[in-house]
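**Student:** coordinates for the following, if possible.
(one chain, ligands or ions: 2)
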Amino acid sequence: MWPYPKIISHRGGGTLAPENTLAAMRCGMQYGFRAVEFDVMLSGDGIPVLMHDPQFGRTVPGRGRVADTLAKDLAVMDAGAWLDSRFAGEPVPTFEEVVRYCRQNGIWMNVEIKPSPGADEQTGHVVAETTARLFADELAAHAGPADLPLFSSFSFDALAAARQSAPGIPRGYLVDTIPDDWLARLQALDACALHTNHKNLTSTQASAVKTAGYGLFCYTVNDPARAQEILRWGVDAFCTDRIDLIGPGFGV
Ligand code: G3P
Ligand code: MG
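**Tutor:** Ligands and ions are numbered 1, 2, ... in the order given. The predicted structure is shown next:
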């Protein structure tokens with residue numbers, strides 16, 4: 001059984017707020033969401049921050065790489081103006097800031113570990129160590145899965161590192177297209193779920209994952225009819241950019 005929320009706001013507030021910022025978390029809240037997905041990358045000095053792209057140019061202006069930039073410099077970059085001038089000045093938040101905000105507001109987190117090229121293992125270790133520190137009380141009390149974040153990553157090596165550093169935080173393996181050896185990969189990671197692109201998913205694959213006893217999560221579902229279809233196939237949960245069209249109670 002899937003112990004987590006079913007409908008998750010992608011990158012904080014989907015397309016309605018600048019992705020991976022605290023403004024996005026507030027936006028998701030305004031639309032009633034208490035479950036978010038966001039992306040975590042390391043700064044040049046090894047601090048986990050919310051960021052999707054390893055290089056600047058799309059969500060923060062200018063040129064350069066996240067992996068070459070100190071966290072203190074990322075903290076004053078404008079991660080909001082690219083979407084709308086009313087978000088101008090919205091900073092790049094640290095992972096720790098966002099975890100604290102989510103915990104204060106009862107928001108469940110799917111933490112996508114998003115390594116810069118070549119930083120897979122380091123990112124997995126640091127994100128897991130940080131998470132284990134912030135959730136030390138829950139881990140010590142053997143809290144249920146819904147009281148802990150769920151890690152996911154396209155990087156097998158990052159998830160394997162996260163497992164080493166924080167074995168008690170559950171993991172979902174993230175793929176664009178389900179590979180033939182998906183079951184062996186889930187077993188090797190001791191993962192609880194497969195996360196996949198709904199565009200490449202078939203009903204036969206969905207049945208196979210569910211029959212094997214794993215959770216099945218899809219990204220990024222923005223069409224309500226498609227959302228209904230994959231839920232009928234047995235998909236447990238999905239994230240959406242269209243939090244204005246697909247609310248937290250959708251399909252329940
Ligand atoms: O975690 C689901 C989804 O966010 C994966 O793709 O590129 O949007 O991070 P991306
Ligand atoms: Mg993501």
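**Student:** where along this protein do the strands fall?
**Tutor:** Using DSSP state E, the strands of the chain run over 7-10, 35-42, 48-50, 108-113, 150-153, 171-175, 193-197, 215-219, 237-240.
**Student:** would a markdown table of those with mean pLDDT and mean neighbour count be doable?
**Tutor:** In this view, the C-beta of every residue, glycine as well, is placed from N, C-alpha and C. Shown next, in a markdown table, are these (pLDDT from 0 to 100; neighbours: other Cβ atoms under 10 Å):
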| stretch | mean pLDDT | mean neighbour count |
| --- | --- | --- |
| strand 7-10 | 98 | 27 |
| strand 35-42 | 99 | 25 |
| strand 48-50 | 98 | 26 |
| strand 108-113 | 98 | 25 |
| strand 150-153 | 98 | 28 |
| strand 171-175 | 98 | 23 |
| strand 193-197 | 99 | 23 |
| strand 215-219 | 98 | 24 |
| strand 237-240 | 98 | 26 |
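**Student:** now distance to ligand 1 too, for these, in a markdown table please.
**Tutor:** Below are the strands of the chain laid out as a markdown table (distance: least, Cβ to the nearest ligand atom, whole Å):
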| stretch | distance to ligand 1 |
| --- | --- |
| strand 7-10 | 6 |
| strand 35-42 | 5 |
| strand 48-50 | 11 |
| strand 108-113 | 4 |
| strand 150-153 | 5 |
| strand 171-175 | 6 |
| strand 193-197 | 6 |
| strand 215-219 | 4 |
| strand 237-240 | 6 |
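**Student:** near ligand 2, which residues of the stretch 1-150 of the chain show up?
**Tutor:** Where proximity means Cβ under 5 Å from the ion, the interface of the stretch 1-150 of the chain facing ligand 2 comprises Asp39, Glu112.
**Student:** looking at the stretch 1-150 of the chain, which residue is nearest ligand 2?
**Tutor:** Closest residue of the stretch 1-150 of the chain to ligand 2, Cβ to the ion: Glu112 (4.0 Å).
**Student:** which residues touch that residue?
**Tutor:** When the contact criterion is Cβ atoms under 8 Å, 6 or more residues apart in numbering, the partners of Glu112 are Glu37, Phe38, Asp39, Val40, Phe151, Ser152, Ser153, Leu174.
**Student:** for Met109, same thing?
**Tutor:** Met109 makes contact with Ala35, Val36, Glu37, Phe38, Val99, Cys102, Pro149, Leu150, according to Cβ under 8 Å, 6+ apart.
**Student:** then Val127?
**Tutor:** Residues near Val127 by Cβ under 8 Å, 6+ apart: Val40, Pro48, Phe95, Val111, Ile113, Phe151, Ala158, Ala162.
**Student:** from ligand 1, how far off is the third one?
**Tutor:** Just to be clear, that refers to Phe95. 15 Å (Cβ to the nearest ligand atom, to the nearest Å).
**Student:** that residue reaches Asp39, doesn't it?
**Tutor:** No - under the criterion of Cβ atoms under 8 Å, Phe95 makes no contact with Asp39, lying 9.9 Å away.
**Student:** which parts of the protein are helices?
**Tutor:** Secondary structure of the chain by DSSP state H: the helices cover 22-30, 71-74, 95-104, 120-134, 136-140, 156-165, 182-189, 203-211, 224-232.
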